[in-house]
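Participant: the amino acid sequence is not available; the structure is as follows:
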């Protein structure tokens, strides 16, 4: 299993890091995206540990939460509300930015969601004395076209993981809320369809920008980190030295949903589903998402005769993509986006904040 695409097709590390176009590309912003629990955090930590990137582990959900909630950034009143809200967030508190300088720049020059991200991240990079920044947010996989339109130089790394492991992990964490009638079963099958839908969205969008999009597999990053990082070095035109990265990443706190295994020294994040899922669950998952698993490079273990989808699986396959498409469209294209939940921002009391200039 290996990365599906890389840029350029062939070059040595010295050639990649040495020509003029590489120097230009070596400053372009990077977005780490993928379905939740796919290893986006691990990949992001690898990038930051390489050096040369601004170190920031805050949250900038401009497309997912802030624009749906308050409206287009082009309007000053909306921009003001977005900024007022983000200045109360944990993401701002982690940025170490000057509140008044940020207010002035955002209110006077920000016209798009991409501008908002760029203004924040460029300020963080300047403060840290580096020329490049990267953003980690799994949900940005659903907004690749908007990000690319706002930030034409944006590069995207889409990390993909075995859908059986994703379904297992997200089910354990309650990370996906299935339709009411599927909740009694724990939502394992519905969560697998969410994984399939998310990965397909990312691949669909990535196919439109092949020079600026790459796919890597979580399993490769874990089992063959040196070769995976070498591929990303070519794509990003950024030296991702494996030894330097490992010396830092090994000390970082894990966000695994199976921390109890890590504490006991028996963590194996690759193909955990083989030990944790029953034979019946594996067969059901492979009947439901088997074609996508194979397409994305993951072999099946259940004989074909035992994974013929039944009426329930066929019904779920018909309903869930429509449900997820509709839910996303309602959020970003209708007033229902005003109901976007902001709890993940961990906001402080607005009364404790200074007023923005009028």
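Facilitator: Perfect, thanks for sending it. Fair warning: this is a prediction, and the values are worked out from it, not measured in the lab. Numbers count the residues shown, from 1 in each chain.
Participant: how is this structure partitioned into domains?
Facilitator: Here the domain parsing of the chain from the TED database is 26-52+131-247+270-338, 58-128.
Participant: between those domains, which one is closest to residue 347.
Facilitator: Closest to residue 347 of these is domain 58-128 (Cβ to Cβ; 4.5 Å). Every C-beta, even on glycine, is put in place using the N, C-alpha and C of the backbone.
Participant: can you give me the end-to-end span of that closest one?
Facilitator: In domain 58-128, first residue to last residue: 15 Å (Cα to Cα, to the nearest Å).
Participant: start at 33 instead
Facilitator: Yes, from this point I'll number from 33; that puts the last item at domain 90-160.
Participant: centre of the chain to that domain, how far?
Facilitator: Centre-to-centre, domain 90-160 and its host chain are 19 Å apart (Cα atoms, centre = their mean, to the nearest Å).
Participant: next one: stretch 234-248
Facilitator: Chain-centre distance of stretch 234-248: 14 Å, with Cα atoms, centre = their mean.
Participant: again with stretch 262-276
Facilitator: What separates the centre of stretch 262-276 from the centre of its chain is 19 Å, taken as Cα atoms, centre = their mean.
Participant: residue 189: what secondary structure?
Facilitator: Three-state assignment for residue 189 (DSSP: H, G, I helix; E, B strand; the rest coil): strand.
Participant: tell me which of the domains of the chain lies nearest to residue 381.
Facilitator: Closest to residue 381 of those is domain 90-160 (Cβ to Cβ; 7.9 Å).
Participant: follow-up on the earlier one: need the domains of the chain in JSON lines with mean neighbour count, mean pLDDT and distance to residue 378, can you?
Facilitator: Compiled in JSON lines, those are given as follows (neighbours: other Cβ atoms under 10 Å; pLDDT from 0 to 100; distance: least, Cβ to Cβ, whole Å):
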{"stretch": "domain 58-84+163-279+302-370", "mean neighbour count": "19", "mean pLDDT": "93", "distance to residue 378": "15"}
{"stretch": "domain 90-160", "mean neighbour count": "18", "mean pLDDT": "96", "distance to residue 378": "4"}
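Participant: tell me which of these sits nearest to residue 380.
Facilitator: domain 90-160 (4.9 Å).
Participant: how many neighbours does residue 281 have?
Facilitator: Residues contacting residue 281 under the criterion other Cβ atoms under 10 Å number 16.
Participant: ok, it touching residue 82?
Facilitator: No: in this structure, residue 281 is not within contact of residue 82 by Cβ atoms under 8 Å, at 9.7 Å.
Participant: next one: residue 122 from residue 158, what distance?
Facilitator: Using Cβ to Cβ, to the nearest Å, residue 122 is found at 22 Å from residue 158.
Participant: on that earlier part again, turn the domains of the chain into CSV, including distance to residue 377.
Facilitator: Below are the domains of the chain laid out as CSV (distance: least, Cβ to Cβ, whole Å):
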stretch, distance to residue 377
domain 58-84+163-279+302-370, 12
domain 90-160, 4
